[in-house]
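**Student:** My questions are about this predicted structure, shown below with the sequence.
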Amino acid sequence: MASGAGAPGEGGFWRAELSETVRLAAPMALTQLGQIAMMTTDLLLIGRLGDTALAAAALGHTVLFAAFTVGMGLVTAVAPLAAQAYGARSPRMVRRALRVGLWAAVLFGLPLTLVQFQAESILTALGQSPETAALAGRYLAGMAWVIIPGWGFIALRGFMGAVNRPEPALWITLAAIPVNACVAYALIYGAFGLPALDLLGAGLATAAVNTGMCAAALWVAATQHPFRKYRVLGRFWRPDWVLFAKLVAVGLPISGALLLEYGVFGMAALLMGRIGTSAVAAHQIALQVAAILYMVPFGIATAATVRVGQAVGRRDAVATRRAGFVALGLAVGFMGVMTLIVVLTRHAIPLAFLGEAAPEASKTVSLAATLLVLGASFFITDGMQTAAGGALRGLNDTRVPLVFSAISFWAVGFTSCLWLAFPAGLGAVGVWIGLSLGTAVYAGLLVWRFHALTARRYLPAVPAAPAQAT
């Protein structure tokens with residue numbers, strides 16, 4: 001009888017966790033979708049310039065994301081550190097977590113911005129055609145300036161989510177979507193009295209809009225309720241090297257894992273470049289669909305980081321485990337439904353990207369549809385690994401996932417891509433089979449890791465705020 005009375009209570013905890021995770025994840029996922037909507041808008045506009053321009057944009061993104069992911073893990077680490085401090089009821093530590101995240105955005109962002117201006121030389125050295133490399137370099141001449149404000153917005157968004165108020169980041173992103181579309185259209189094609197700058201205009205538009213988003217988020221965090229009580233700009237230049245070192249210790253492995261993951265996809269784009277222009281364009285279309293779907297599990301993963309981190313701050317091992325597995329179930333369920341939709345609409349999706357250029361790019365359309373079918377298993381395991389990785393970040397467990405990333409994406413994934421594409425003669429199809437294998441291995445390892453840690457009720461130490469004002 002006692003057992004029967006206790007079961008509904010346990011079920012109630014799971015339902016409450018599901019409710020809280022959905023409440024956090026929904027605006028976070030919509031924020032991610034809003035950001036990918038801006039990128040998709042850019043690609044739709046660029047696609048109407050032709051296959052070559054779309055392929056150049058894809059290669060340009062390869063160079064940009066390699067640099068962007070170096071610091072992305074550092075600013076992503078703001079969320080778990082701030083969430084743990086929030087759970088431990090330490091508002092000064094919440095502020096300090098954001099502060100060192102913004103420091104990292106500037107200190108690491110300046111040199112990596114300069115690297116973007118060498119994109120043409122980098123791509124030429126990697127074997128891309130001079131024409132495509134030159135166009136990609138032109139694109140990144142404008143896009144380079146997105147790194148620091150982009151990282152700054154991620155840090156601010158992580159802070160807002162950590163204190164259970166992710167909505168302002170969503171409103172800022174939603175407002176930016178039409179602005180980005182108008183500015184990008186004007187600068188790409190020449191409208192409203194502005195010059196037609198084609199790919200350079202697309203890059204400049206994205207950088208300008210992201211700068212505005214970062215400024216708006218900083219204003220909200222500094223002046224609006226309930227964020228202003230944290231005084232996020234108070235003592236902003238005060239040295240805080242202890243917490244900065246903690247941010248680096250947690251964040252650099254995140255950056256490393258992301259770089260290894262995105263590096264495989266970047267190398268996949270380069271392999272496609274060796275196969276042909278149609279392969280690059282088809283790969284970019286299929287990958288953009290995967291990126292759109294990925295944004296919802298990414299939002300769920302961010303919510304998992306917050307929920308797990310807050311439970312860690314409260315020193316509640318049971319809630320820590322529950323938060324991670326609820327997020328994992330949500331991500332897998334969502335991706336299962338969306339995968340079915342993509343498979344059923346695989347022939348229509350490439351037409352939306354290519355528009356009027358589609359009749360002249362029938363090979364690209366057909367190949368993209370095939371890659372979308374191959375992505376059926378990839379999409380689901382991608383959701384799994386994303387949610388499990390977010391839960392592990394809430395535990396500050398980032399070094400072992402870095403090792404898992406190297407094994408999964410390079411020892412398994414890239415090796416399979418290379419062999420299946422060329423010696424096995426499967427071309428673009430072989431590349432996507434390899435990507436799917438690597439992602440499946442990574443997902444399995446991360447889920448096992450979270451289960452192993454939480455089964456023995458592991459909780460990391462939470463940094464405490466010093467007695468003096470910070």
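**Tutor:** It's in. Residues are numbered from 1 along each chain as shown.

**Student:** and the strand or helix carrying V429, which residues are buried?
**Tutor:** Element membership of V429, judged by DSSP states H and E, is helix 428-455. The neighbour-count check on helix 428-455 (16 or more other CB atoms under 10 Å) flags 428-447, 449-450, 453-454 as buried. C-beta here means a position set from N, CA and C on the backbone, and glycine is covered the same way.

**Student:** Below-threshold pLDDT in the chain: ranges please.
**Tutor:** 1-10, 355-361, 463-470 (pLDDT under 70).

**Student:** Show me the strands in the stretch 251-400 of the chain, by range?
**Tutor:** Per DSSP state E, counting those that start in this stretch, the stretch 251-400 of the chain has no strands. Nothing in it meets that criterion.

**Student:** give the contact list for V306.
**Tutor:** 24, 79-80, 83, 161-162, 164, 394 (CB atoms under 8 Å, 6 or more residues apart in numbering).

**Student:** Please apply the same query to I46.
**Tutor:** 53-54, 57, 188, 199, 202.

**Student:** List just the nearest of those residues to W14.
**Tutor:** A57 (44.0 Å; CB to CB).

**Student:** In space, what's closest to that closest one - neighbours in sequence excluded?
**Tutor:** Nearest non-adjacent residue to A57, counting by CB to CB, 6 or more residues apart in numbering: I46, 4.9 Å away.

**Student:** got it, and W151?
**Tutor:** That would be A105: by CB to CB, 6+ apart, it lies 3.8 Å from W151.

**Student:** Please point out which parts of the strand or helix carrying that neighbour sit buried.
**Tutor:** Taking DSSP H and E as the definition, A105 sits inside helix 91-115. By neighbour count with 16+ other CB under 10 Å, helix 91-115 contains the buried residues 91-105, 108-109, 112-113, 115.

**Student:** which residue ranges form the helices in the stretch 51-200 of the chain?
**Tutor:** Along the stretch 51-200 of the chain, the segments classed as helices by DSSP state H, counting those that start in this stretch run 51-76, 78-87, 91-115, 119-125, 130-143, 147-162, 167-185, 198-223.

**Student:** Over to the stretch 301-450 of the chain?
**Tutor:** Using DSSP H, counting those that start in this stretch, helices in the stretch 301-450 of the chain cover 317-344, 348-354, 362-394, 399-405, 415-421, 428-455.

**Student:** Which elements pack onto the first one?
**Tutor:** Using 3 or more CB pairs under 8 Å, 6 or more residues apart in numbering; DSSP states H and E as the contact definition, the elements that helix 317-344 packs against are helix 2-47, helix 277-314, helix 362-394, helix 428-455.

**Student:** for the ones you listed, which one ends up most surrounded?
**Tutor:** Highest mean neighbour count of the helices and strands packed on helix 317-344: helix 277-314, a mean of 26 (counted as mean count of other CB atoms under 10 Å).

**Student:** Now do it against helix 91-115, angle only.
**Tutor:** 160 degrees (axes from the mean of the first three to the mean of the last three CA atoms, to 10 degrees).

**Student:** and the direction of helix 277-314 versus that of helix 317-344, what angle?
**Tutor:** Using the same axes, to 10 degrees: helix 277-314 against helix 317-344 is 160 degrees.

**Student:** Now do helix 277-314 and helix 51-76, the angle between them.
**Tutor:** Going by the same axes, to 10 degrees, helix 277-314 makes 10 degrees with helix 51-76.

**Student:** picking that back up, now for the helices of the stretch 51-200 of the chain, which one comes closest to G375?
**Tutor:** helix 51-76 (16.4 Å).

**Student:** Which among the helices of the stretch 51-200 of the chain is found nearest to R315?
**Tutor:** So among these, helix 78-87 is nearest, using CB to CB, at 8.5 Å.

**Student:** what helices or strands is the closest one leaning on?
**Tutor:** With 3+ CB pairs under 8 Å, 6+ apart as the test, helix 78-87 has helix 91-115, helix 147-162, helix 241-275, helix 277-314, helix 362-394 packed against it.

**Student:** Now do the phi/psi pair for Q224.
**Tutor:** Q224 adopts backbone torsions of phi -110, psi 150, taken as degrees, to the nearest 10.

**Student:** Could you find the closest non-adjacent residue to it?
**Tutor:** Nearest non-adjacent residue to Q224 (CB to CB, 6+ apart): P168, at 7.2 Å.

**Student:** neighbours of that neighbour, just the number please.
**Tutor:** The local packing of P168 (other CB atoms under 10 Å) involves 20 other residues.

**Student:** Hmm, it is touching V220, no?
**Tutor:** Yes. If you go by CB atoms under 8 Å, P168 and V220 touch, sitting 4.8 Å apart.

**Student:** what sits in contact with each of those two?
**Tutor:** With CB under 8 Å, 6+ apart as the test, P168 and V220 both reach 160, 227.

**Student:** Now the spatially most central residue of the chain. Nearest residue, chain neighbours left out?
**Tutor:** Geometric centre of the chain, nearest residue: F298, 6.6 Å, by CA atoms, centre = their mean. Closest residue in space to F298, ignoring its immediate chain neighbours: Q32 at 5.1 Å, by CB to CB, 6+ apart.

**Student:** Thank you, goodbye.
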